[in-house]
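Novice: here is a sequence with its predicted model. Questions after.
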Amino acid sequence: MTPEALAAIQRVLATIKEASPFYSRKYADLDPRDVKSQADFERLPLTTKDDLRDAYPLGLAAVPASEIVRIHSSSGTTGTPVIIPYTARDVDDWSTQFARCYEMAGITRDDIIQITPGYGLWTAGIGFQLGAEKLGAMAIPMGPGNTDKQLQMMMDLGSTVIGATSSYALLLAETIAERGIKDKIKLRKGVIGSERWGEKMRARIADELGVRLFDIYGLTEIYGPGIGINCDLQPAMHYWDDYLYFEIINPNTGEVLPEGEAGELVITTLKKEGAPLIRYRTHDLTRIVPGECPCGSRYPRIETLIGRSDDMIKVKGINIFPAHIEEALAVTEGASSEYQVMIDHMNGKDIMTVFFETGSPEEHRPYIELALHKAIKDKLSLSVVPKAVDLGDLPRSEKKSKRIFDNRY
Ligand code: ZN
């Protein structure tokens, strides 16, 4: 932590208990003004999404209601949503950060930015819009869907930049290829909301749209998209350390990890008024990239997101993500992509059983099981028990199904 970062954090902590009823409660037993060093700061309790949910509807507000000009809300697949209040300065700070993202991507006021993420309570579309207006570029606020109209506007107005999720960018790319209209499209850059997306998909979008792609980072709890983006030279994302302080922790113990080690990103806001957050757990897994970027930017960097800490599971000392199992199934001939993992502790040992669906006849299944065993062993140096089941045997659910069950504790 630099002396400037510590000073900025101390400025926030000096008034947080008076300003924020939320932190006044959370810090009931401590005085954040006692933070004199990085070590003191790292002893402050982490703030979690559940804390934020408990503050519903407006318990996070750290200013009088008359100062709040807008709220946004994170969708949250389960339970109570989180509402984040913004002051006029927060909205302006957000637009400054997003405009900086566009500039990092080499986008200028001469660009025409077609915005396809959704508008509304969500921070996505409106963030792209704010940044474009701050930059002075022309925004086309399309919102999601209606691919015919999107492509018509793209051709008629000569959009040069597309803002999109990776899945929608892929759909647009495929439609453009299908209709053979690539020569009528003037796109040169894509700013894509950071989800975890494979290199294969990235290459396909970039290739079919003929654009250079940039990953933009952000979350509703911390302004929204626009708090970081990769530069032209590196896949790692620069982030704005004059607005935010980033730490990486071990998601299991909460301990702060040394620079360069991968773990969960924790963010402290340095300027936010409406809903300042101290040591907020993002559950995004990444690492801080040490050293200076060859592009010359003074802003520090985090690695492209590796996954979500809620999805990680540790077996025999090895960190496992659903993506690992999915990749192993993808290279196993005869196995479908549907699977379920059970982890049990028996006779002093962790046993990981991978159930997977297959349409192959009974007599072939031992070979498919062996192949999956090898694929996982090659990838993770971990021996699992593979068990083939019939197609449709594993439970389905409308939401993203839970596939890993840890029965050890
Ligand atoms: Zn750079």
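Specialist: Arrived safely, thanks for sending. Residues are numbered from 1 along each chain as shown.
Novice: got phi/psi on E174?
Specialist: Torsion angles at E174 (phi, psi; degrees, to the nearest 10) stand at phi -70, psi -40.
Novice: and the nearest residue to it once chain neighbours are set aside, how far from the ion?
Specialist: With C-beta to C-beta, 6 or more residues apart in numbering as the criterion, E174 has its nearest non-adjacent residue at 6.8 Å, and that residue is E208. To be clear about C-beta, it is placed using only N, CA and C from the backbone, and glycine gets the same treatment. Going from E208 to the ion by C-beta to the ion, to the nearest Å gives 26 Å.
Novice: tell me the contacts of E208?
Specialist: E208 makes contact with A173, E174, I176, A177, K182, according to C-beta atoms under 8 Å, 6 or more residues apart in numbering.
Novice: by pLDDT, give me the weakest of these.
Specialist: Among the contacts of E208, E174 carries the weakest pLDDT, at 86.
Novice: look at it and say how many residues are nearby.
Specialist: Using other C-beta atoms under 10 Å, E174 has 15 neighbouring residues.
Novice: that one and the ion, how far apart?
Specialist: E174 is 31 Å from the ion, by C-beta to the ion.
Novice: same check on A61?
Specialist: In this structure, A61 lies at 36 Å from the ion, with C-beta to the ion as the measure.
Novice: next, that residue: secondary structure please.
Specialist: A61 carries the three-state label coil when classified by DSSP: H, G, I helix; E, B strand; the rest coil.
Novice: residue numbering should commence at 820 henceforth.
Specialist: Right, with 820 as the first residue, what we last looked at is A880.
Novice: once you drop chain neighbours, what's closest to it?
Specialist: A880 sits nearest to P904 (C-beta to C-beta, 6+ apart), 4.7 Å away.
Novice: so P1205 bridges to which residues?
Specialist: Beta-bridge partners for P1205, by DSSP bridges, are V1173.
Novice: and the contacts of stretch 874-892?
Specialist: 835, 838-842, 871, 899-907, 910, 940-942, 1039, 1043, 1092-1095.
Novice: give me the distance from it to the chain's centre.
Specialist: Relative to its parent chain, stretch 874-892 has a centroid offset of 24 Å by C-alpha atoms, centre = their mean, to the nearest Å.
Novice: pLDDT (mean, whole number) over it?
Specialist: Stretch 874-892 comes out with an average pLDDT of 96.
Novice: now it - C-alpha only, PDB.
Specialist: The C-alpha coordinates for stretch 874-892 follow below in PDB (Å, rounded to 0.1, in the frame of the first residue of the first chain):
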ATOM      1  CA  ALA A 874     -29.400  -3.100   4.400                       C
ATOM      2  CA  TYR A 875     -32.300  -3.300   1.900                       C
ATOM      3  CA  PRO A 876     -33.800  -1.000   0.800                       C
ATOM      4  CA  LEU A 877     -31.800   2.200   1.500                       C
ATOM      5  CA  GLY A 878     -29.700   1.200   4.500                       C
ATOM      6  CA  LEU A 879     -26.500   1.700   2.600                       C
ATOM      7  CA  ALA A 880     -27.100   5.500   2.100                       C
ATOM      8  CA  ALA A 881     -24.300   7.600   3.700                       C
ATOM      9  CA  VAL A 882     -25.900  10.900   2.700                       C
ATOM     10  CA  PRO A 883     -29.300  12.500   3.300                       C
ATOM     11  CA  ALA A 884     -32.000  11.300   0.900                       C
ATOM     12  CA  SER A 885     -32.000  14.800  -0.800                       C
ATOM     13  CA  GLU A 886     -28.400  14.200  -2.000                       C
ATOM     14  CA  ILE A 887     -29.300  10.900  -3.700                       C
ATOM     15  CA  VAL A 888     -30.000  11.400  -7.500                       C
ATOM     16  CA  ARG A 889     -30.300   7.800  -8.600                       C
ATOM     17  CA  ILE A 890     -30.300   4.200  -7.400                       C
ATOM     18  CA  HIS A 891     -29.100   1.100  -9.100                       C
ATOM     19  CA  SER A 892     -29.800  -2.500  -8.100                       C
END
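Novice: on that earlier part again, in CSV: the contacts of E1027, plus secondary structure.
Specialist: Listed next are the contacts of E1027 as CSV, based on three-state DSSP:
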residue, secondary structure
A992, helix
E993, helix
I995, helix
A996, helix
K1001, helix
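Novice: ok, of those, which come out buried?
Specialist: For the contacts of E1027, a burial check counting by 16 or more other C-beta atoms under 10 Å picks out A992, I995.
Novice: in this structure, which ranges drop under the pLDDT threshold?
Specialist: By pLDDT under 70, the low-scoring segments of the chain are 894-897, 1013-1019, 1216-1220.
Novice: mind listing the helices for it?
Specialist: 822-838, 840-845, 857-861, 868-873, 907-923, 943-954, 966-976, 985-998, 1018-1028, 1141-1149, 1184-1199 (DSSP state H).
Novice: and the last one, what's buried?
Specialist: The reference is to helix 1184-1199. For helix 1184-1199, burial by neighbour count (16+ other C-beta under 10 Å) applies to R1184, I1187, E1188, A1190, L1191, H1192, A1194, I1195, L1199.
Novice: how about the fourth one?
Specialist: Neighbour counts over helix 868-873 (16+ other C-beta under 10 Å) mark K868, D870, L871, R872 as buried.
Novice: and the third one, by the same measure?
Specialist: Of all the residues in helix 857-861, those buried under the rule 16+ other C-beta under 10 Å are F860, E861.
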